[in-house]
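[1] could you look at this predicted model? Sequence included:
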Amino acid sequence: MEREKLGSRMGFILLSAGCAIGIGNVWRFPYIAGMYGGGMFVLFYLLFLIAMGIPVMTMEFAVGRASRKSIIKSFTELEKPGQKWHLHGYLGMVGNYLLMMFYTSVAGWMLYYFYLMLTGRFTGKDTEQVAGIFQGMLDDPSVMTVSMVIIVAAGMLICSVGLQKGVEKITKIMMSLLLLIIVILAVRSMTLPGGIEGLKFYLLPDVPRMQEVGILETITAAMNQAFFTLSLGIGSMAIFGSYIDKNRTLLGESVNIAILDTFVALVSGLIIFPTCFSFGISPDMGPSLIFITLPNIFNHMAGGRIWGTLFFVFMSFAAFSTILAVFENIISCGMDLFGWSRKKSSFLNLAALTVLSLPCVFGFNIWSSFQPRGAGSTVLDLEDFLVSNVLLPVGALVYLLFCVTRYGWGFENYLAETNTGEGFKMPKGIRIYVTFILPILLIFLTLKGWFR
């Protein structure tokens, strides 16, 4: 069976960027940037994006494009006889499932809040009542389950239609709308009275604030954000590498994707800081920012219901674009491993992921007494920790070592694949850096995540 191909270069860039652009860009990046010295953090972030994120992304794409397979079979195609690199294929597949076991629920929250905003459920509610709506959603397993099932079913249905007609077509529409909506929201936010103060706090380099939290802490946080924003290590990017031709170099394409991802992260801050400063509210991180702070602000804003609805459309698209990308990887693994048709793999995974996503849903209500990472933690926290702190960094290290050492695919093969086509070429002189320095940075990042 001939492997499917993406219909256009734009489809590849938007799909890969859609995978990288997620809710972390919105509920984590602006807060962390504000906390660690604004513009100073952003400069370090960009530095590490170039130094760490982009090289590893080219490696994941190179393995995908050279093998023409999903993560479950890509290493098997490229490794030398008797080697064991292919075992990472199974670890990567576990990572994709584990990521979707909690990401589907969070995407369900976005969808549910879009519905609440659209139907005016927040109108006239005070701060405590808005917080109560969020807690009420978490406490209700039926609302959480229905929202999650809609997300899983919609994602699998789109993937089952086909790569070009389903995944690529829908992602192009969704990402184009996402980029339009985020610009509209940012312009509205920056024109609010007092919004300029928020912009200054966010974008002007503030060395004293950075020194207060610690320069090493700032550098580590920037490294962390730059690496994890690209979802590298579990083959979510490699799958799209396997669907493209060899017309363009992989460094050029990786730079384009990183630019789009960074654009969304930076512009999210242009929405959040001016809005929070305008209403005298401190910007939080994580779910409380999205589901409590911002709905409260929209309540007090002229035309807030419209802006709130637009914001949750944007958030739903950001979450769903990641889900489509990872679902595509999961479906492709089933096709590569068992020889299933696309439809069979989609519908079997629809059933599997619906069941596998239930522990995260129940972790907030029925199973809330199970607190795996200490008091107040949930199943989601455990799943998130395993993906973010174990599978992504370890997986990225495997890709890196596979591509740069003679015990794997080898640097010459990696460089030849990366530099095939038109566009930016990866310099040969990068070999010392990617072989000796980059692995140390990745190991440091992994250990820091485990022992913090």
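    Structure received.

[2] for A258, which residues are in contact?
    By Cβ atoms under 8 Å, 6 or more residues apart in numbering, the contact list for A258 reads A20, L49, I50, G53, I54, M57, L230. In this view, the C-beta of every residue, glycine as well, is placed from N, C-alpha and C.

[3] and for S345?
    I331, S332, G334, M335, F338.

[4] so where's the chain shaky on pLDDT?
    1, 452 (pLDDT under 70).

[5] residue boundaries of the strands in it?
    Here the chain has no strands by DSSP state E.

[6] on that earlier part again, now, which of the contacts of A258 sits nearest L179?
    L179 lies nearest to A20 out of these, by Cβ to Cβ, at 13.6 Å.

[7] which one is the closest one nearest to, not counting chain neighbours?
    The shortest distance from A20 to any non-neighbouring residue, by Cβ to Cβ, 6 or more residues apart in numbering, is to D261 (4.3 Å).

[8] quick one: that neighbour from Y433, how far?
    22 Å (Cβ to Cβ, to the nearest Å).

[9] before we move on, what about E422?
    According to Cβ to Cβ, E422 and Y433 sit 24 Å apart.

[10] who has more neighbours out of those two?
    Per other Cβ atoms under 10 Å, whichever of E422 and Y433 has more neighbours is Y433, with 14 against 9.

[11] what sits against the nearest residue to S160 once chain neighbours are set aside?
    Nearest residue to S160, sequence neighbours excluded (Cβ to Cβ, 6+ apart): S346, at 3.6 Å. The neighbours of S346, taking Cβ under 8 Å, 6+ apart as the test, are M156, L157, C159, S160, I331.

[12] with adjacent residues omitted, what lies nearest to the last one?
    Spatial nearest neighbour of I331, excluding adjacent residues (Cβ to Cβ, 6+ apart): S345 at 4.5 Å.

[13] now that neighbour: how far from S321?
    S345 is 20 Å from S321, where distance means Cβ to Cβ.

[14] with G18 instead?
    Counting by Cβ to Cβ, the gap from G18 to S321 is 3 Å.

[15] which residues do the two both contact?
    T171, M174, M175.

[16] contacting residues for the first one?
    If you count contacts by Cβ under 8 Å, 6+ apart, T171 has them with G11, L14, L15, G18, S321, L324, A325.

[17] for these, which one is nearest R188?
    S321 (22.4 Å).

[18] and the closest one, how many neighbours?
    S321: 23 neighbours (other Cβ under 10 Å).

[19] quick check: it touching M175?
    Yes: taking contacts as Cβ atoms under 8 Å, S321 lies within contact range of M175: 6.1 Å.

[20] what touches both of these two?
    Common neighbours of S321 and M175, using Cβ under 8 Å, 6+ apart, are G18, I21.

[21] hmm, which of the contacts of S346 are the buried ones?
    M156, C159, S160, I331 (16 or more other Cβ atoms under 10 Å).

[22] among these, which are located in helices?
    M156, C159, S160, I331 (DSSP state H).

[23] now the residues you listed as a markdown table including distance to Y97?
    Formatted as a markdown table, those follow (distance: Cβ to Cβ, whole Å):
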| residue | distance to Y97 |
| --- | --- |
| M156 | 13 |
| C159 | 15 |
| S160 | 18 |
| I331 | 12 |
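
[24] list just the nearest of these to L350.
    Among those, M156 lies closest to L350 (Cβ to Cβ), at 4.1 Å.

[25] so which of the contacts of S346 comes closest to A416?
    Nearest member of those to A416, counting by Cβ to Cβ, is I331, at 29.6 Å.

[26] need the contact list for the closest one.
    Per Cβ under 8 Å, 6+ apart, neighbours of I331: M156, C159, S160, R342, S345, S346, N349.

[27] tally up the residues packed near the residue nearest to E79 when sequence neighbours are not counted, please.
    Nearest non-adjacent residue to E79, counting by Cβ to Cβ, 6+ apart: W85, 4.4 Å away. Residues within reach of W85, counting by other Cβ under 10 Å, total 20.

[28] next up, phi/psi of W85, please.
    phi -60, psi -30 (degrees, to the nearest 10).

[29] pretty sure it sits against G408.
    Yes: between W85 and G408 a contact is recorded at 6.0 Å, counting by Cβ under 8 Å.

[30] intersection of neighbour lists for these two?
    What both W85 and G408 touch, as defined by Cβ under 8 Å, 6+ apart, is the set E79, F402.

[31] quick one: contacts for V146?
    V146 makes contact with G108, according to Cβ under 8 Å, 6+ apart.

[32] should've said M174
    The contact partners of M174, by Cβ under 8 Å, 6+ apart, come to G18, F317, F320, S321.

[33] again, but for S16
    M237, F240, E253, I257, A325 are the contacts of S16 under Cβ under 8 Å, 6+ apart.

[34] which one of these is nearest F201?
    Distances from F201 to those, taken by Cβ to Cβ, are shortest for I257, at 28.7 Å.

[35] burial measure for that closest one, as a count.
    With other Cβ under 10 Å as criterion, I257 counts 26.

[36] wait, doesn't it sit right on M57?
    Yes: counting by Cβ under 8 Å, M57 is a contact partner of I257 at 7.0 Å.

[37] the closest residue to G194 other than its chain neighbours: neighbour count?
    Leaving aside its sequence neighbours, G194 sits nearest to S278 (Cβ to Cβ, 6+ apart; 4.4 Å). Close neighbours of S278, defined as other Cβ under 10 Å, add up to 21.

[38] numbering from 20 from now on, please.
    That works, and once the first residue is 20, the last one we named lands at S297.

[39] ok, now how distant is S297 from F333?
    Distance of S297 to F333, given as Cβ to Cβ: 19 Å.

[40] and if you look at A172?
    Per Cβ to Cβ, A172 is found 22 Å from F333.

[41] neighbour count winner among these two?
    In this view A172 and F333 are compared by other Cβ under 10 Å, and F333 has more residues nearby, 24 against 13.

[42] quick check, D303 in contact with Y50.
    Yes: counting by Cβ under 8 Å, D303 does reach Y50; the two are 6.7 Å apart.
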